[in-house]
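1. okay, predicted coordinates and the sequence, questions at the end:
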Amino acid sequence: MSAPSVQVFDSDTIVADKLCSLVVNRANETIKARGKFFIGVSGGSVAKFLCGGLQKAETDWSKWKIFFCDERHVPFDNPECTYSIYEKNLTSKINFPKENIFPINPELSVSESATDYAQKISKEFETNGVPEFDVLVLGMGPDGHVCSLFPGHPLLDETTKVVAPISDSPKPPPSRVTLTFPVINRCRCAVFASCGAAKADILKKVLEIREEPLLPASRVNPTKGELIWMLDSAAAANLSNVSKM
Ligand SMILES: O=C1O[C@H](COP(=O)(O)O)[C@@H](O)[C@H](O)[C@H]1O
């Protein structure tokens, strides 16, 4: 695997700031080069970072296509719904075109919802193969999970589906829809944002110890793209050989 770029900042506020700058710069470069920008966003702390920081972005929002790296299979009015968090705290505030953000359909069964989401992706990317996202913004749980791909789960070995359903997520809610590793590792740029002392032990395992079987977050390694980790000092506390930016 090629070495990731590990960037450590003083606080989570700076991480949020740097993350948003990176995303907006990539968006503007990509729009200039190819006319559209395909991004996959995560829930949890990453949603907070992006919703806060992207509101002031200078970019052509009409060229953005926003997908979800994973989503909880819950109704839109459930506080666990990641789409609704972005809707309430970002897209409604910037007049983002509704047709350019792609929620899952929670009215279908979780398995139908995953199939439906794969079809939406295939239509927007105009491919029946594995789509190439410009940027995936990823979070990592304290168990090392990424998207809704959990340690020891058979979905870690998924090789054909672009989107998969999961109905036994160890973290509630149990039913979710998630991108799989073939898609994650085909992106042009995967960027993690992880902050807080609760992530320090697992980061050591994910980035440095790398014991087999690899934890989900250790398996993120875009074949042709970049891998960037943005951490605050508390999360990076146990890492060797990283210097603060
Ligand atoms: O359940 C989830 O957790 C991860 C990590 O969240 P964090 O708050 O610990 O950063 C998140 O990336 C994922 O989208 C979400 O469904």
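-> Okay, I see it. Since this is a predicted model, take the numbers as computed values, not measurements.
2. quick one: low-confidence parts of the chain?
-> 1-2 (pLDDT under 70).
3. ok, which stretches of it are helices?
-> 12-34, 45-54, 82-86, 110-125, 181-184, 200-203 (DSSP state H).
4. Glu71: which of those helices is closest?
-> helix 82-86 (5.2 Å; C-beta to C-beta). The way it works is simple: take the backbone N, C-alpha and C, and place the C-beta from them, glycine included.
5. follow-up on the earlier one: so can I have TSV of the helices of the chain showing mean neighbour count and distance to Phe150?
-> Listed next are the helices of the chain as TSV, based on neighbours: other C-beta atoms under 10 Å; distance: least, C-beta to C-beta, whole Å:
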stretch	mean neighbour count	distance to Phe150
helix 12-34	17	24
helix 45-54	21	17
helix 82-86	20	16
helix 110-125	17	15
helix 181-184	22	13
helix 200-203	20	13
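6. with distance to the ligand as extra columns, can I get those in JSON lines?
-> Listed next are these as JSON lines, based on distance: least, C-beta to the nearest ligand atom, whole Å:
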{"stretch": "helix 12-34", "distance to the ligand": "11"}
{"stretch": "helix 45-54", "distance to the ligand": "4"}
{"stretch": "helix 82-86", "distance to the ligand": "6"}
{"stretch": "helix 110-125", "distance to the ligand": "14"}
{"stretch": "helix 181-184", "distance to the ligand": "12"}
{"stretch": "helix 200-203", "distance to the ligand": "10"}
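7. which bits of the chain sit near the ligand?
-> Residues of the chain lying near the ligand by C-beta under 6 Å from any ligand atom: Ser42, Gly43, Gly44, Ser45, Val46, Cys69, Asp70, Gly139, Met140, Gly141, Ser148, Lys171.
8. switch to 5 Å and redo it
-> By the rule C-beta under 5 Å from any ligand atom, the part of the chain lying against the ligand is Ser42, Gly43, Gly44, Ser45, Asp70, Gly139, Gly141.
9. can you give me the strands for the protein?
-> 5-9, 37-41, 64-68, 70-72, 135-138, 163-166, 176-179, 189-194, 226-232 (DSSP state E).
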